[in-house]
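Engineer: need coordinates for the following:
(chains A and B)
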Amino acid sequence: MSPSYAALMPSLGGHYVGFWWQHQQYRTFGDPAFDTGLLPQDEYFNTLEIRARWEIHPRLQATLMLPYAYHLRQDVNGPRTVRGLGDVGGLLSYTLYDSSDSLELKVRHRIVAGIGGKGPTGAFQRPAANEVVNPNFQVGTGSWDALFNLNYTARSGRTGLLLDATYRLNGAGQNGYQFGNRFAGLLSLFRVEQIGGISVMPNLGLYYEEAGWDIENGYYRTYSGGHAWLANAGAEVFWQRYNLGVTYSLPFQQNWNTGLVESRSRVALHLNYFF
Amino acid sequence: MVVLSGCQREAIIDTIEPDINILAPEAYTTLSVGDTMSVHVDFSENLGLHTYFIWLVAEDGMPTLVEKQHLHTPRHEVRLAFSLTGLPPGAYELRVMADDHDQNTTYAVVPVRIQ
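Structural biologist: Residues are numbered from 1 along each chain as shown, chains lettered A, B, ... in the order given. The predicted structure follows:
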């Protein structure tokens, strides 16, 4: 249930601005002891993000994320939507080690660490007492959160490996609700193919995410949180100053909200312009 | 889950059970086969109820479901009339169970007699 997603961003220098879109599907189930005839509810989370990166220094980069969210819940009473500006986030990344330009090394490495935050610019309504299964059906979290990111890329010839880990330390909102801390990790293998003036990077990966219990008025909501493993397949295309990327993700093992929420497929698309 | 939750501000797992107050029938009420039994139960829960069940349980342990509900509310009141038609005479218990979302469970019992 991550509003942002990581992508393969090879060590292209300079600034960029881009559109990042992500579509996620979830299905929520009723209690089988009571709601035997009730159909599950489908939820569709859409986030369109303007993302911009500013290269302050060859080793130091600032990224700004400005999301707009449009979520849809389909149940027996018809569709219900929430939409609006999401939580604005920022990340300051520092390249700790970079041998990607080396002509001597067979395997070249790059390690980038980032620290950032997210502000409560998106609307957040405290979940109603009957919204047990997915209080994430919101455009914001209502809290200031800290972001920590570690990104490692290894490349040998045309083949590479990416490890990306992001930890979100969530603060408490003024309404007494605090989302559980979140971890997301990506392991991806990619290959770079040159077709004329176009670079194509097909990639396959594993994505893991986990969320701790939410807290409400000093009590853990023990039926919140969970984890999921997803298989990723995607491609990045680079042409002149443009980068187009697409990722499809499918969960293969998960346990959200004590099994009452099922994560389904995800699609992500981004288009960046470098300058 | 515990690792991710461990870094958050101080919070506790709820261990407080729901409260059940059976206002009707009164203990040892005697009713006749074919009567209707008035059932009045108040529930309250510090964070919110999850489910409740109300049974009428015969001496041999055979339960008859009076009502059950899946809900999410800190307070709930049940008022209903339950038909005793078809039940054999004998000693019974009106047995009520309620739980919250943290698996804290409360039982309450009132003995009644059907003649």
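
Engineer: what number of residues lie near A:I56?
Structural biologist: A:I56 has 13 neighbours, counted by other CB atoms under 10 Å in any protein chain shown. From N, CA and C alone the C-beta is placed, and that goes for glycine too.

Engineer: looking at this, it is in a strand?
Structural biologist: Yes. The assignment for A:I56 (DSSP: H, G, I helix; E, B strand; the rest coil) places it in a strand.

Engineer: got the contact list for it?
Structural biologist: A:A62 (CB atoms under 8 Å, 6 or more residues apart in numbering or on different chains).

Engineer: low-confidence stretches in the chain?
Structural biologist: Went with chain A since none was named. For chain A, residues meeting the criterion pLDDT under 70 lie at A:1-12, A:32-33, A:35-37, A:126-135.

Engineer: actually chain B
Structural biologist: In chain B, residues with pLDDT under 70: B:1-9.

Engineer: tell me where it has helices.
Structural biologist: Taking DSSP state H as the criterion, chain B contains helices spanning B:2-6.

Engineer: please, where are all the strands along it?
Structural biologist: Taking DSSP state E, the strands of chain B run over residues B:19-24, B:29-31, B:36-44, B:49-58, B:63-70, B:75-83, B:90-100, B:105-114.

Engineer: can I get the ones you listed in a markdown table with mean neighbour count and distance to chain A?
Structural biologist: Below are the strands of chain B laid out as a markdown table (neighbours: other CB atoms under 10 Å in any protein chain shown; distance: least, CB to the nearest CB, whole Å):
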| stretch | mean neighbour count | distance to chain A |
| --- | --- | --- |
| strand B:19-24 | 16 | 17 |
| strand B:29-31 | 15 | 28 |
| strand B:36-44 | 17 | 13 |
| strand B:49-58 | 20 | 7 |
| strand B:63-70 | 14 | 4 |
| strand B:75-83 | 13 | 10 |
| strand B:90-100 | 19 | 10 |
| strand B:105-114 | 16 | 14 |
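
Engineer: residues contacting the residue most central in space within chain B?
Structural biologist: For chain B, the residue nearest the mean C-alpha position is B:V96 (2.6 Å; CA atoms, centre = their mean). Taking CB under 8 Å, 6+ apart, we find B:V96 in contact with B:I20, B:I22, B:V41, B:Y52, B:F53, B:I54, B:W55, B:Y107, B:A108, B:V109.

Engineer: how about A:N170?
Structural biologist: A:T141, A:S143, A:D145, A:Q178, A:F179, A:G180, A:N181, A:R182, B:Q8.

Engineer: in the sheet, who's paired with it?
Structural biologist: Assessed by DSSP bridges, A:N170 has beta-bridge partners A:D145.

Engineer: check A:N151 too.
Structural biologist: Applying DSSP bridges, one finds that A:N151 bridges with A:V112, A:D164.

Engineer: okay, and the beta partners of the residue nearest to the centre of chain B?
Structural biologist: Bridge pairing for B:V96 - DSSP bridges - gives B:I54, B:A108.

Engineer: re earlier: in strands only, show me the contacts of A:N170.
Structural biologist: Per DSSP E, these map to strands at A:D145, A:Q178, A:R182.

Engineer: tally of neighbours for residue 72?
Structural biologist: Went with chain A since none was named. A:L72 has 16 nearby residues by other CB under 10 Å.

Engineer: you answered for a different chain; I wanted chain B.
Structural biologist: B:H72 sits with 20 neighbouring residues when counted by other CB under 10 Å.

Engineer: any idea how far it is from chain A?
Structural biologist: 4 Å (CB to the nearest CB, to the nearest Å).

Engineer: wouldn't that residue be in contact with B:L47 here?
Structural biologist: No. The pair B:H72 / B:L47 is not scored as a contact, 9.7 Å apart, by CB atoms under 8 Å.

Engineer: anything in contact with each of those two?
Structural biologist: Both B:H72 and B:L47 are contacted by B:H101, under the criterion CB under 8 Å, 6+ apart.
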